[in-house]
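Trainee: Here is my input, please return the structure:
(one chain, ligands or ions: 3)
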Amino acid sequence: MGKIPVPQAASKQARDLENNGLVTSKEAVERGYVSDKILPPEPEKCKFCGQTLYYEGLVINGSVLIWMTQPERCRCKKAVEYWKKYDKEQEEKKAAEEKAKKQAEMNARIQRLIGKSGIKKRFMNRTFDNFIVNETNREAFEIAKRYADEFPKFAAEGKGLYFEGTFGTGKTHLAVAIALQLMNCNIPVICKTSIDLLNDIKRTFDSDYGSSEHQVLQVYKDVDLLIIDDLGKEMATEWSLATLYDILNDRYETMRPTIITTNYNDEALVARLTPRGFDNTNMGALMSRLKGTSAVVTMAWEDYRSGGY
Ligand SMILES: Nc1ncnc2c1ncn2[C@@H]1O[C@H](COP(=O)(O)OP(=O)(O)O)[C@@H](O)[C@H]1O
Ligand SMILES: [Mg+2]
Ligand SMILES: [Zn+2]
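Mentor: Ligands and ions are numbered 1, 2, ... in the order given. Purely as a prediction, here's the structure:
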């Protein structure tokens, strides 16, 4: 095997162009690249070690046409640390901006396809603040509050919540409180009863309805958090079963979180979701997978409105 040939010293200009055509203002002066119309900025000193830091300029056809907006980066230890932190912060800032942009796009999509996120006027005041906490409901309250406070973490893990229990115990109140808190932070949330959710999709069957069934279905699949209130209250049909299965299964598979509230226990719920005479195995398995990725909150006590408080 012969030796790898050592390249001849390249001409200065060729070397600069290999270097993306960048030279420091010092090199540019030495090599006569500086056009007197486009003078380089004065060099600066590293604030850590005092080394002179030149601005770099882009050489095209033998003269610098543009100077960078910041001087070259010093390579001293402190400067390297500083720039590492700086770059990381810039990256985080960019990621946060991108996230905010995506959220705004999703919120616009929800608005366009199904109108406001679904919380009816009557529910707009169901917040954590006006949920009266007592010994019976404290755990439920705390799980819900923590879910809202730490939503990004739970969402990243695809974790949801499953509120089951008797009528009037505050399941809807807590689910809506989560939705309102997240929506205040611009996080895209749809919060609807299963009846309204299915009706929204049905409306698209009207030929003159603006958006297609597919688009509306997709927004339920994509939204950052879907809250289905009162699952099992709808009238089960072959279509409702297939539609709910499609949405819930898709969200499960893509690890998007879902919150469910229901008055039914497992067996009764699966029976409620399945029309008479249809096989309920798939839905049963899906519901148990969903519960498996959720914190299950059982709220079975006296109806709040009956005055037991
Ligand atoms: N701990 C509570 N503090 C304040 N209001 C409550 C509380 N629990 C329930 N409520 C109110 O009682 C009513 C019934 O609660 P809701 O959340 O609709 O019950 P569920 O969905 O469990 O049937 C709602 O008006 C709700 O705001
Ligand atoms: Mg309810
Ligand atoms: Zn330095």
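Trainee: Report the beta-bridge partners for C191.
Mentor: I227 (DSSP bridges).
Trainee: ok, it touching D230?
Mentor: No - if you go by Cβ atoms under 8 Å, C191 and D230 don't touch, sitting 11.3 Å apart. For every residue, glycine as well, the C-beta is placed using N, CA and C.
Trainee: So the two - more neighbours on which side?
Mentor: Set C191 next to D230 and count neighbours by other Cβ atoms under 10 Å: C191 wins out with 27 against 20.
Trainee: all helices in the stretch 51-200 of the chain, in order from the N-terminus.
Mentor: 77-114, 138-149, 151-156, 171-184, 194-203 (DSSP state H, counting those that start in this stretch).
Trainee: So which residues on the protein come close to ligand 1?
Mentor: 126, 131-132, 137, 167-173, 261, 304-305 (Cβ under 6 Å from any ligand atom).
Trainee: just to revisit the earlier point, compare the helices of the stretch 51-200 of the chain and report which one is nearest to ligand 3.
Mentor: Nearest to ligand 3 among the helices of the stretch 51-200 of the chain is helix 77-114 (4.1 Å), distances taken as Cβ to the ion.
Trainee: Can you point out the buried residues in the closest one?
Mentor: For helix 77-114, burial by neighbour count (16 or more other Cβ atoms under 10 Å) applies to A79, Y82, M106, N107, R109, I110, L113, I114.
Trainee: Then stretch 272-289?
Mentor: Quick answer for stretch 272-289 (16+ other Cβ under 10 Å): R272, L273, T274, N280, M283, G284, L286, M287.
Trainee: Need the max-distance pair from those residues.
Mentor: R272 and L286 (14.1 Å; Cβ to Cβ).
Trainee: Adding distance to ligand 3 and mean pLDDT as columns, could you present the helices of the stretch 51-200 of the chain in a markdown table?
Mentor: Listed next are those as a markdown table, based on distance: least, Cβ to the ion, whole Å; pLDDT from 0 to 100:
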| stretch | distance to ligand 3 | mean pLDDT |
| --- | --- | --- |
| helix 77-114 | 4 | 94 |
| helix 138-149 | 42 | 98 |
| helix 151-156 | 37 | 97 |
| helix 171-184 | 45 | 95 |
| helix 194-203 | 60 | 91 |
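Trainee: rewinding a little: min pLDDT across the residues of the chain next to ligand 1, which one?
Mentor: pLDDT across the residues of the chain next to ligand 1 is lowest for R305, at 71.
Trainee: so that one sits in a strand?
Mentor: No - R305 sits outside any strand when classified using DSSP: H, G, I helix; E, B strand; the rest coil, being helix.
Trainee: Could you give the number of residues near it?
Mentor: Neighbour number of R305 under other Cβ under 10 Å is 9.
Trainee: ok so, going back, now the helices of the stretch 51-200 of the chain as CSV including distance to D246?
Mentor: Output for the helices of the stretch 51-200 of the chain, formatted as CSV (distance: least, Cβ to Cβ, whole Å):
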stretch, distance to D246
helix 77-114, 16
helix 138-149, 25
helix 151-156, 21
helix 171-184, 22
helix 194-203, 10
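Trainee: quick one: contacts for the closest residue to T24 other than its chain neighbours?
Mentor: In space, and not counting its chain neighbours, T24 is closest to Y54: 3.7 Å by Cβ to Cβ, 6 or more residues apart in numbering. Listed by Cβ atoms under 8 Å, 6 or more residues apart in numbering, the contact partners of Y54 are T24, S25, K26, E27, P40, P43, P71, E72.
Trainee: start to end distance for stretch 181-192?
Mentor: 16 Å (Cα to Cα, to the nearest Å).
Trainee: same check, this time on stretch 130-145
Mentor: Per Cα to Cα, the first residue of stretch 130-145 is 13 Å away from its last.
Trainee: Can you tell me which residues in this structure are near ligand 3?
Mentor: C46, F48, C49, Q51, C74, C76, A79 (Cβ under 5 Å from the ion).
Trainee: now do 8 Å
Mentor: Residues of the chain found near ligand 3 (Cβ under 8 Å from the ion) are C46, K47, F48, C49, G50, Q51, L53, C74, R75, C76, K78, A79.
Trainee: Okay, domains of this structure per the record?
Mentor: As assigned by automatic domain parsing, the chain contains the domains 12-71, 115-306.
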